[in-house]
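> coordinates only, sequence not included:
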Ligand SMILES: Nc1ncnc2c1ncn2[C@@H]1O[C@H](COP(=O)(O)OP(=O)(O)OP(=O)(O)O)[C@@H](O)[C@H]1O
């Protein structure tokens, strides 16, 4: 079984700008994978390279074993990418647009049941006969996601699918995408909502300045980094010197300390007690993917 995605030593230059710097990445079939990184890290460039919209300066990329340059048609048919902009004839209604898109990739009437599923999964059933021009911005966005899925591709790339989308669609979209993943589709997601990546994705790559700076299971990333935060309400100017190295943040009268094990809480409290500092409130939270992300992106 070929991997869903195989990327070997890929570089991409835009003039002098080295946007993708020697990426190696294998994503197996059936994974729910997150590609994260700050603005300008190179995520969209990598996705555009996968979709054959850009050519790598060097290196190779393949989708389900098909090289995206030499075997473009086959690779493209196996991939569903939400386009940056809707490309459709404005006179089509939603169902016609989806059918047309599927037809472009060689699917015929046998695909109609799938199109019904997409319409339902994205909450578009009652808009199926509405002209594309007449859709609201949010509905157009749903149609855009539908367009990427219309030919039932085994590998689905969602680039910021929930940016600017309301809560209802977000929930609906995730339910639908989770089901597709359960049915065997490989999902690759880029998002700035790290909570989404944390709850949905089993493996994460973090990119920075064209490179992958972390690649691991979500669980390992969360475990590897300092995993707890202790928030204390106290006078920040009186924090004993021994505790300063643990300090991570200070806001609204709370000081946040990073700790690795619960046993350390006792140590912190003893120090505060002996310095005669009153703690007015105390909260203990697990670090999340956002903390890991900030730590990694800062550290490189
Ligand atoms: N067509 C292009 N021509 C020139 N430079 C480009 C082009 N596309 C992207 N870049 C540059 O390549 C770098 C990577 O951009 P890219 O859009 O891949 O980042 P990103 O990680 O997707 O960011 P964001 O989270 O903001 O979408 C940036 O410095 C960007 O300005």
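Structure received. A quick note: this is a predicted structure, and the numbers were derived from the prediction, not measured. Numbering: from 1, shown residues only.
> Can you show me the strands along the stretch 201-300 of the chain?
Under the criterion DSSP state E, counting those that start in this stretch, strands of the stretch 201-300 of the chain are mapped to 203-208, 211-217, 228-233, 247-251, 254-259, 281-286.
> Now the fourth one: buried residues?
Same thing as strand 247-251. Buried positions in strand 247-251, judged by neighbour count with 16 or more other CB atoms under 10 Å: residue 248. C-beta coordinates here come from the backbone N, C-alpha and C atoms, glycine included.
> Partner strands of that strand and their direction?
With DSSP bridges as the test, strand 247-251 is paired with strand 254-259 (antiparallel).
> ditto for the last one
Paired strands of strand 281-286, with direction, are strand 228-233 (antiparallel) (DSSP bridges).
> ok, residues contacting the strand it pairs with?
Applying CB atoms under 8 Å, 6 or more residues apart in numbering, the external contacts of strand 228-233 come out as 248, 253-262, 264-265, 268, 272, 279-287, 291.
> With stretch 271-284 instead?
With CB under 8 Å, 6+ apart as the test, stretch 271-284 has contacts from 228-235, 238-240, 242-243, 254, 262, 265, 269.
> Selecting buried members of the residues you listed in ChimeraX, what would you type?
Buried members of the contacts of stretch 271-284 can be picked out in ChimeraX with the line below, counting by 16+ other CB under 10 Å:
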select :228,229,230,231,232,234,239,243,254
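> Could you list the domains of this structure?
1-78+153-161+180-224, 85-152, 227-287 (automatic domain parsing).
> Quick one: end-to-end length of the first one, please.
Translated: domain 1-78+153-161+180-224. Start to finish, the residues bounding domain 1-78+153-161+180-224 are 31 Å apart (CA to CA, to the nearest Å).
> Quick one, which of the strands of the stretch 201-300 of the chain gets closest to the ligand.
With CB to the nearest ligand atom, the closest approach to the ligand among the strands of the stretch 201-300 of the chain belongs to strand 203-208: 6.5 Å.
> Narrow the contacts of strand 228-233 to those that are buried.
Among these, the ones that count as buried by 16+ other CB under 10 Å are 248, 254, 255, 256, 257, 258, 259, 268, 272, 287, 291.
> Where is pLDDT lowest across those?
Model confidence across the buried ones among the contacts of strand 228-233 bottoms out at residue 287, which has 73.
> I'd like to know how many residues surround residue 122.
22 (other CB atoms under 10 Å).
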